[in-house]
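Colleague: I'll drop the sequence and a predicted model, then ask my questions.
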2 protein chains.
Amino acid sequence: MPELRRDPIVGRWVIISTERAQRPTDFRQVAPPLPTKPLCPLCPGNEAQTPPEILAYRAAGGAPNTSGWSLRVVPNKFPALQIEGDLGREGVGLYDRMNGVGAHEVIIESPDHKTTLASLSEKQLEDVFWAYRDRILDLRKDGRLRYILVFKNHGQAAGATLEHTHSQLIALPIVPTNVLNEIVGCREHYKDKERCIYCDIIHQEISDRSRVVGENSEFLSIAPFASRFPFEVWVLPKRHTSYFEESQKFQFEALARLFSDTLRRLDRALGTPPFNFVLHTSPLHERTGEFYHWHIEVMPKLTQVAGFEWGTGFYINPIPPEEAAAFLRDAEV
Amino acid sequence: MPELRRDPIVGRWVIISTERAQRPTDFRQVAPPLPTKPLCPLCPGNEAQTPPEILAYRAAGGAPNTSGWSLRVVPNKFPALQIEGDLGREGVGLYDRMNGVGAHEVIIESPDHKTTLASLSEKQLEDVFWAYRDRILDLRKDGRLRYILVFKNHGQAAGATLEHTHSQLIALPIVPTNVLNEIVGCREHYKDKERCIYCDIIHQEISDRSRVVGENSEFLSIAPFASRFPFEVWVLPKRHTSYFEESQKFQFEALARLFSDTLRRLDRALGTPPFNFVLHTSPLHERTGEFYHWHIEVMPKLTQVAGFEWGTGFYINPIPPEEAAAFLRDAEV
C-alpha cells in the first residue's frame, strides 16, 4: 500500500509509492560527464577568465587573481542578480516588481579540476564552509539584502554547467518562500511547545534510528520522514543553532567530517549521482534564534519531477526513507 | 538589469534574468524520441496490456477492451495511489501519515501512436476535455477524495515514459499545497475587493495586451507576468467559473480551439518542446464558487530546475514573458 507522509515543518505531503518500488541498487548510476571546454575558467592559471576574485585562501601568500590558491570566490560571470542599484519597488496594476538587486558568487572549492566535493579532504571541506561563512558575514552588512542562499549543483541532471567543482551563493533582497515556510512552521511549533521543531525531530530520529544515516558528537544526518526524493539526506547540527555563520571551529570540523561521510556514502551506494544541496540558515535581519535551526538538504537527482509535482507541490518518492537510510548506512566508506 | 516579479495570487517571486538573456530562438529544440518499446500498451489491439478500461469513446460501438475506440481511460498499471482501503490516518511521534488511497488513471488521447496533442483535430481535443470531465464527475462521488489533478507529461525531459500520447489523472485524499496556496490567495483578494483575482488579471492582460498569446470569445491564453519558465502559458476561461467539470459544450469547444492554437504555437515557435500541463480546478468538496477560477498551466521544459530553485522556491527565467508572448503571437499556425 502506498503511503502519504507529511513533513511536520512545512506541511508538505509526499507519496511513498511502494507500487512503483524499485530496489535501492536500481538507482545506481554514473553521472555523464559535462561537456569539456577547451579552457576551464575555474582552473589555476585561468584567473583572468573570471571577474576579479572576492575572496581566496592562499596559505603560501601570493597576489590576487593569480594561481597559488586553495579556494577562490568570484562573482558569477552570468549573474542572476546584480549588486549595483536600488530596489526600485514598484506596482504595475495588480503586479509587484523590483530591481534584481543582489549578489551571485561562485565558490571554487579546489584548484583541482577533476576532484569532487566528496573527494576533498576533511580539512579542504572545512575550508569550503569557512568560505561560505566569510561571504555571509561580508554580505550581511548590505542593508538591501535579506537572505543568502548557498547551494550546489553537481552533475548535468542537477543543473551544473561547469565540471570544475564549485558551489554558488545568491544574496537576495527578499526571504525565499521555502525558508519562510520553514520559519512559519518553526514559529508555530515554538508558540505551542516552546521547543524547536528541528530539535524535536533530532531527538525522535536519534531514538528511533531507522532513518539515521550517520552521526558524530555535533551533527546528525538523516533520511527525512517525508523525503521528496530517493536518498534525500538532511545534515543538522545536534545543538540548537539558528545561524550557520555563527558556528565555531569545532563545529565546522565536525560538520566537515559528517558531510564528507554523507557524500561518500551517496557516491559509494549510488555510483556518482547528480545532486543538489542547499544550506538553509536564518534570514539576515530576523530574530529567529529560539525557533529556527539551520541545516543542509542534500537532494540526489535520480527521478524526474513532472506534471504531478508541478501541479500539486507534492512529490512521489519510490524509495521509503527507512530503506534509503539502511542502504546508505551499509555503504562501505 | 534583472527584474524580480511577484505572482499576485500565491506570492511566488521569479527572477527575470536579463543578464543571462537568450533569444527566443535559442530555445528551439526537437524533443528526443522516447525509447520505442516492441509493443505499445496504449495502442489499439493491445487492450489486454492495460488494466480493464474505465471509460472509452466508441462512436461505432464495440465491446469494452477491444479496438474501435477513439479515446480510452484505463487505470495506471503502476499507480502512485491505490483505490481500495481506508485512509488510516495516524500519528507517528511528530509525524503524520495516511494510506495512499486515491486513483491514478491514464487518458489515452488517440488511438494513433504517432500523433501528439497539438496535432489532434479540435473535435478530438474537445473529446479529451469531455473525458477529463466524465472522470472527475465519476470520482467526485467518492467521499474519501478531496482533489483531482489532471496533468500531462510530454517528452522525456518532462517526465514522459510512454511515447503514445496520453494524459494522467490523480485523485487525492488531500487538497494539494499548490492549489491550496492559490485558493488562499484568491480568498484574501476576494475578502478585500469582492472580486476574483484571476478575473482581475484577465482584465488587466486584455487591456495591456503585451502578454496575450491568443484569445477567443470564451478563453484567453497569456504568458503570466511572473512566469517561472520560458514560454510558460496559462489558458483561462474569460467568464468567471470555478469548476472545470461544470463547463458547457460551447465552452469545451472554445477551449479546444484556443488550447490547440496554444500548443501549435509552442511547437511552431520552439520545435517540439517537452512540456507539462496541469489543470487547476476547485477542490471537490469546498465552496470556492465566488473566488476561485479554474485554468490550465502549460510549462515547457527548456531550462533546468537546480539548487537555487530547490532552495528558495523562486525561479530564474531567462526570457521576459512579454518577449515570449510576442514570439508565440508571431508564430505562423
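Modeller: It's in.

Colleague: the strands in the stretch 101-250 of chain A, which residues?
Modeller: All strands of the stretch 101-250 of chain A, identified by DSSP state E, counting those that start in this stretch, fall at A:103-108, A:147-154, A:166-172, A:212-215, A:219-222, A:233-237.

Colleague: Alpha carbons only: can I get the fifth one in CSV?
Modeller: In CSV, the C-alpha atoms belonging to strand A:219-222 read as follows (Å, rounded to 0.1, in the frame of the first residue of the first chain):
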residue,chain,number,x,y,z
PHE,A,219,25.9,16.6,13.7
LEU,A,220,23.3,14.1,12.6
SER,A,221,22.5,13.0,9.0
ILE,A,222,19.1,11.5,8.3
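
Colleague: Would you convert the strands of the stretch 101-250 of chain A into TSV that also reports mean neighbour count, distance to residue B:318 and mean pLDDT?
Modeller: Using the backbone N, CA and C atoms, a C-beta is placed for each residue, glycine as well. Shown next, in TSV, are these (neighbours: other CB atoms under 10 Å in any protein chain shown; distance: least, CB to CB, whole Å; pLDDT from 0 to 100):
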stretch	mean neighbour count	distance to residue B:318	mean pLDDT
strand A:103-108	24	14	98
strand A:147-154	25	16	97
strand A:166-172	24	15	97
strand A:212-215	20	36	98
strand A:219-222	24	35	98
strand A:233-237	24	31	98
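
Colleague: Select, out of those strands, the one closest to residue B:247.
Modeller: Minimum separation from residue B:247 across the strands of the stretch 101-250 of chain A (CB to CB) falls at strand A:166-172, 40.5 Å.

Colleague: tell me what that closest one is packed against?
Modeller: The contact analysis (3 or more CB pairs under 8 Å, 6 or more residues apart in numbering or on different chains; DSSP states H and E) places strand A:166-172 against strand A:103-108, helix A:122-139, strand A:147-154, helix B:307-312.

Colleague: a markdown table for the ones you listed, including distance to residue A:52?
Modeller: As requested, the helices and strands packed on strand A:166-172 are exported to a markdown table (distance: least, CB to CB, whole Å):
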| stretch | distance to residue A:52 |
| --- | --- |
| strand A:103-108 | 12 |
| helix A:122-139 | 15 |
| strand A:147-154 | 20 |
| helix B:307-312 | 23 |
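
Colleague: Please identify which of these is closest to residue A:260.
Modeller: The closest of the helices and strands packed on strand A:166-172 to residue A:260 is helix A:122-139. By CB to CB, the value is 5.3 Å.

Colleague: ok, and what's touching that closest one?
Modeller: Residues from elsewhere that reach helix A:122-139 (CB atoms under 8 Å, 6 or more residues apart in numbering or on different chains): A:54-55, A:57, A:70-71, A:73, A:103, A:105, A:107, A:109-110, A:117, A:120, A:145, A:148, A:150, A:167, A:169, A:171, A:244-245, A:247, A:252-253, A:255-257, A:259-260, A:279, A:281.

Colleague: so of those residues, which ones are in helices?
Modeller: A:252, A:253, A:255, A:256, A:257, A:259, A:260 (DSSP state H).

Colleague: Just name the closest of the residues you listed to chain B, please.
Modeller: residue A:259 (15.3 Å; CB to the nearest CB).

Colleague: just checking, the closest one touches residue A:236?
Modeller: No. Residue A:259 is not in contact with residue A:236 according to CB atoms under 8 Å; the separation is 11.1 Å.

Colleague: The spatially most central residue of chain A pairs with what?
Modeller: The residue lying closest to the centre of chain A (CA atoms, centre = their mean) is residue A:278, at 1.9 Å. Beta-bridge pairing for residue A:278 (DSSP bridges): residue A:151, residue A:297.

Colleague: need the contact list for it.
Modeller: Contacts of residue A:278 (CB under 8 Å, 6+ apart): A:149, A:150, A:151, A:296, A:297, A:299, B:307, B:310, B:311.

Colleague: which residues touch the helix or strand of chain A with the lowest mean pLDDT?
Modeller: None of the helices or strands of chain A scores lower by mean pLDDT, DSSP states H and E than strand A:29-30, at a mean of 74. Residues outside strand A:29-30 that contact it (CB under 8 Å, 6+ apart): A:270, A:271, A:272, A:273, A:302.

Colleague: now with 7 Å?
Modeller: A:270, A:271, A:272, A:273 (CB atoms under 7 Å, 6 or more residues apart in numbering or on different chains).

Colleague: Show me what the host helix or strand of residue A:322 packs onto, helices and strands only.
Modeller: Element membership of residue A:322 [criterion: DSSP states H and E] is helix A:321-330. If you count contacts as 3 or more CB pairs under 7 Å, 6 or more residues apart in numbering or on different chains; DSSP states H and E, helix A:321-330 packs onto strand A:212-215, helix A:249-270.

Colleague: which neighbours does the shortest one have in its sheet, and in what orientation?
Modeller: In this case it means strand A:212-215. Strand pairing for strand A:212-215, using DSSP bridges, gives strand A:219-222 (antiparallel).

Colleague: mind checking how far the partner strand is from the chain centre?
Modeller: Offset of strand A:219-222 from its chain centre (CA atoms, centre = their mean, to the nearest Å): 14 Å.

Colleague: Touching stretch A:87-104 from outside, list them.
Modeller: Contacts for stretch A:87-104 (CB under 7 Å, 6+ apart): A:75-76, A:79-83, A:85-86, A:139, A:144-145, A:170-173, B:1-6, B:8, B:15, B:200-201, B:204, B:225.

Colleague: Mind giving me the ChimeraX command for buried ones among the residues you listed?
Modeller: In ChimeraX, this line selects whichever of the contacts of stretch A:87-104 come out buried by 16 or more other CB atoms under 10 Å in any protein chain shown:
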select /A:75,76,79,80,81,82,83,139,145,170,171,172,173 /B:2,3,4,5,6,8,15,200,201,204,225
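
Colleague: So which of the contacts of stretch A:87-104 sit within helices?
Modeller: Those of those lying in helices (DSSP H): A:139, B:200, B:201, B:204.

Colleague: For the first one, which non-adjacent residue is spatially closest?
Modeller: Spatially, and ignoring its direct neighbours in sequence, residue A:139 is nearest to residue A:171 (4.9 Å; CB to CB, 6 or more residues apart in numbering or on different chains).
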